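Need a 3D model of the following:
(chains A and B)
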Amino acid sequence: MDLQVVDLGVARGGLPILEGVSFTLETGRVLVLRGPNGIGKTTLLRTVAGLQPALQGRISLDPEAVAYAAHADGLKSTLTVRENLVFWAQVYGTSDIAPALAAFQLATLIDRPAQNLSAGQKRRLGLARLLVTNRPLWVLDEPTVSLDMAAVAMFADAVQAHCAAGGAALIATHIDLGLQSDTLDLGPFKAKAPLQDDFDEAFL
Amino acid sequence: MIALLIRDLRLAIRTGGGFGLGLAFFLIIAVLVPFGVGPDSVILGRIAPGILWVGALLSCLLSLDRIFALDFEDGSLDLLATAPIPLEGLVGVKAISHWLTTGLPLTLAAPVLGVLLSLPEAAYLWLILSLLIGTPALSFIGAFGASLTVGLKRGGLLLSLLVLPLYVPTLIFGAETIRRGAEGLSTSTPLIMLGAITLGTLAILPFASAAAIRVNLR
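Take a look at the predicted model:
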């Protein structure tokens, strides 16, 4: 399971923001994306996750290999921690939520409705969802927002264990996770080309 | 997909899930109309089929914008779009769960409200039958409208305007079925048309909705 991105260009709201991005992510590795706000980290990750089409270039990846985690955790506030996790496990065709609960220390919160969790606890639950997806490539957008130091360490351990088990992770983050990782600065790939005059785009 | 259906039904009956909203609205319409029109059972009996169908249609409309908006706001829709569920299946499940929480309760409550509106006795069977056959179309058309407006804040107005004209054929044939049933005429033509509309929406709209969602998620 290698992710290969060649000469990728992405657009947000019809405006090209990144072009010529190339990188390779091999099994067992972590690639951290860096760059100032608005450079296109989220858009790049959404493109890799298959949520939006690339403007140009090529992404070689099995779309069934990606587990995506965005700014929003996708939790249902009236469901309990267990119900939220079991739902995602069923969606991905797995059933065992115990390792996910253990990795993010959620076992004591298991019967609490998600609306009664703190922001950090919600984030931990959102990240625990990755473990029940059983997918090799984690595509994570600012995963450590509202996590405290201990929880960041939990997250780093989870990523490390995932990579050791034959996975890989593509992470956009501003903080140092203390992981063995490669770094890609998106600054130099900022799109210079003017807006494409694509008539059809206005109707899509 | 079964898991998704169970989750949606569970969310609907929990606090703030909106189950019963449509039903309560339907009840209010059916209770208020006799007050407004007067107690003349001949007039009431004549307008009852139309009132019941308009009421059912508006009750459905009331909860449409929740079909995808809630999942969009909390990020679930992004995650579901990357999950191993085809988007077409997702739309189908969403529409079915909307029907189970709105259309089906309406169908079951309609005979009781028919009494309030002095619906002729011969029409009850056709009332239930037409709602049972027609309301799934309301949910599927509604899911299509909801997927078109999914990224918009306060898209409810646009959604209503988009969906209402698409609801008209269902309304016409639904009410016509009951009216003919009440007068003892043959109901097969409007009923067949109603069934055809429902089957058509079931077959086509999940694909159209999935395409709309894909565009809206970009």
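
just checking, residue B:97 is part of a strand?
No: under DSSP: H, G, I helix; E, B strand; the rest coil, residue B:97 falls outside any strand and is assigned helix.

isn't it right up against residue B:6?
No: between residue B:97 and residue B:6 there is no contact under Cβ atoms under 8 Å: 9.0 Å. C-beta here means a position set from N, CA and C on the backbone, and glycine is covered the same way.

any idea what sits nearest the residue in chain B positioned nearest to chain A, other than its immediate chain neighbours?
Relative to chain A, the nearest point of chain B is residue B:75 (2.6 Å; Cβ to the nearest Cβ). Excluding the flanking residues, the one nearest residue B:75 by Cβ to Cβ, 6 or more residues apart in numbering or on different chains is residue A:72, at 2.6 Å.

Give me the neighbour count for that neighbour.
Counted with other Cβ atoms under 10 Å in any protein chain shown, the neighbours of residue A:72 add up to 17.

same deal with residue A:102?
12.

quick one: the strands in chain A?
A:3-12, A:15-25, A:30-34, A:56-60, A:66-69, A:137-141, A:168-172, A:182-185 (DSSP state E).

Tell me the gap between the top helix by length along chain B and the middle of its chain.
The residue-count maximum for a helix in chain B (DSSP state H) belongs to helix B:188-217. Computed by Cα atoms, centre = their mean, to the nearest Å, the chain-centroid distance of helix B:188-217 equals 13 Å.

any residue of that helix up close to chain A?
Yes: counting by Cβ under 8 Å from any Cβ of the partner chain, chain A has neighbours in helix B:188-217: B:215, B:217.

Pull out the buried residues from that helix.
B:190-191, B:193-195, B:197-198, B:201-202, B:205-206, B:208-214, B:216-217 (16 or more other Cβ atoms under 10 Å in any protein chain shown).

just stretch B:165-184 next, same as before
By 16+ other Cβ under 10 Å, the buried positions in stretch B:165-184 come out as B:166-167, B:169-182.

taking the mean pLDDT, what do you get for it?
Average pLDDT, stretch B:165-184: 92.

Restrict that stretch to CA atoms and write it as PDB.
What follows is stretch B:165-184 as a C-alpha-only set of coordinates in PDB (Å, rounded to 0.1, in the frame of the first residue of the first chain):
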ATOM      1  CA  PRO B 165     -43.500  21.200  -8.000                       C
ATOM      2  CA  LEU B 166     -42.100  17.700  -7.900                       C
ATOM      3  CA  TYR B 167     -44.700  16.800  -5.300                       C
ATOM      4  CA  VAL B 168     -47.600  18.000  -7.300                       C
ATOM      5  CA  PRO B 169     -48.200  14.800  -9.400                       C
ATOM      6  CA  THR B 170     -48.100  12.700  -6.200                       C
ATOM      7  CA  LEU B 171     -50.600  15.000  -4.600                       C
ATOM      8  CA  ILE B 172     -53.000  15.000  -7.600                       C
ATOM      9  CA  PHE B 173     -53.100  11.300  -8.000                       C
ATOM     10  CA  GLY B 174     -53.100  10.600  -4.300                       C
ATOM     11  CA  ALA B 175     -56.100  12.800  -3.600                       C
ATOM     12  CA  GLU B 176     -57.800  11.600  -6.800                       C
ATOM     13  CA  THR B 177     -57.600   8.000  -5.600                       C
ATOM     14  CA  ILE B 178     -59.400   8.800  -2.400                       C
ATOM     15  CA  ARG B 179     -62.000  11.000  -4.100                       C
ATOM     16  CA  ARG B 180     -62.900   8.300  -6.600                       C
ATOM     17  CA  GLY B 181     -62.900   5.700  -3.900                       C
ATOM     18  CA  ALA B 182     -65.300   7.800  -1.800                       C
ATOM     19  CA  GLU B 183     -67.700   8.100  -4.800                       C
ATOM     20  CA  GLY B 184     -67.400   4.400  -5.600                       C
END
